[in-house]
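> Build me a structure from this.
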Amino acid sequence: MNDGYLALIAMWCLLIVIWSGWLDRFFRRHRFFPNSAMLLFTGLSLFSSWWILPFFAGHVRVIPFFLPIIVAAYLWIKEASAKHRVQLATASILIGVSIFLMQLLFRLDPILMFTNEKWLVAGFTILLLFVTAQRLSHQWILLALGLALSDLCLQLFNWQKTGSMLLGSAFFQDVWWISACGLAVTRYLLGFGKWPTVFRRKRAKSTSIARIEEIK
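The predicted structure is shown next:
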């Protein structure tokens, strides 16, 4: 499949799901990003991805590249703790550099790519997000800033080789949306996996209460 189609499919599906109200419960649980804002974010990403401007020695797709950065910067500024802001900024740089080094390794030794590069990069990104953060808002910040930094580094590397660069390319959009959807699905599965533990705890607690009442 050509680059860009996965991002288009993900954005259309997300628009339909949000518009249908299937994610209202999710947005009520995570109030840092209301469903109307997510609807606007997805709509702009879908219908304004063609907007290209000159940038340095190349071009940049303005909405796909800068819109996630703006949202992440807003969430980063809202962090009450200065210590958390420093940690998030540091983690974003480390994640961006790690993703870039992984992509650079694939270009130096293509035999390491046992499947499509975008799936490997997205999987590696999701792994880094769960290692470095637990809260969804923090993972969003790291996702947006880390992928943007890695794309900037990769395009600068390509510019040295070819003399041209394109920030926010179709490949970048595919990786971004695969990572975002994979993050959401993984969080859901991990949360679903906690239900048996919660059920056992509640059952043990109710059993203990019943025994105490019998003793009385």
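> any chance you could map the strands in the protein?
Along the chain, the stretches classed as strands by DSSP state E are 52-55, 58-61, 166-167.
> will you turn those into TSV that also has mean neighbour count and mean pLDDT?
C-betas here are computed from N, CA, C, even on glycine. Output for the strands of the chain, formatted as TSV (neighbours: other CB atoms under 10 Å; pLDDT from 0 to 100):
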stretch	mean neighbour count	mean pLDDT
strand 52-55	12	77
strand 58-61	20	81
strand 166-167	21	86
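> The residue lying closest to M113 once chain neighbours are set aside and I52, how far apart?
With sequence-adjacent residues excluded and distances taken as CB to CB, 6 or more residues apart in numbering, M113 is closest to F106, at 5.3 Å. Counting by CB to CB, to the nearest Å, the gap from F106 to I52 is 26 Å.
> Also V71?
For V71, the distance to I52 - CB to CB - is 20 Å.
> Same question for L189.
37 Å.
> Find me the pLDDT at R31, would you?
The model reports R31 with a pLDDT of 58.
> and T115, how many neighbours?
8 (other CB atoms under 10 Å).
> and it, what are its phi and psi?
For T115, the backbone dihedrals (degrees, to the nearest 10) come out as phi -150, psi -170.
> Ok, G168 next?
phi 70, psi 30.
> My guess is it contacts G58. True?
No. Counting by CB atoms under 8 Å, G168 sits too far from G58 to count as a contact (10.8 Å).
> quick one: common contacting residues for those two?
Counting by CB atoms under 8 Å, 6 or more residues apart in numbering, G168 and G58 have no contacts in common.
> Neighbours of the nearest residue to A91 once chain neighbours are set aside, how many?
Leaving aside its chain neighbours, A91 sits nearest to T132 (4.7 Å; criterion: CB to CB, 6+ apart). Neighbour count of T132, defined by other CB under 10 Å: 18.
> One more: L145?
Residues within reach of L145, counting by other CB under 10 Å, total 22.
> Find me whatever residue is spatially closest to it, sequence neighbours aside.
Using CB to CB, 6+ apart, the nearest residue to L145 is S92, at 3.8 Å.
> Please look at that neighbour and I141 and confirm they touch.
Yes. Contact status for S92 versus I141: in contact at 6.7 Å, counting by CB under 8 Å.
> With neighbour numbers in mind, choose between these two.
Between S92 and I141, counted using other CB under 10 Å, I141 has the larger neighbour count: 28 against 23.
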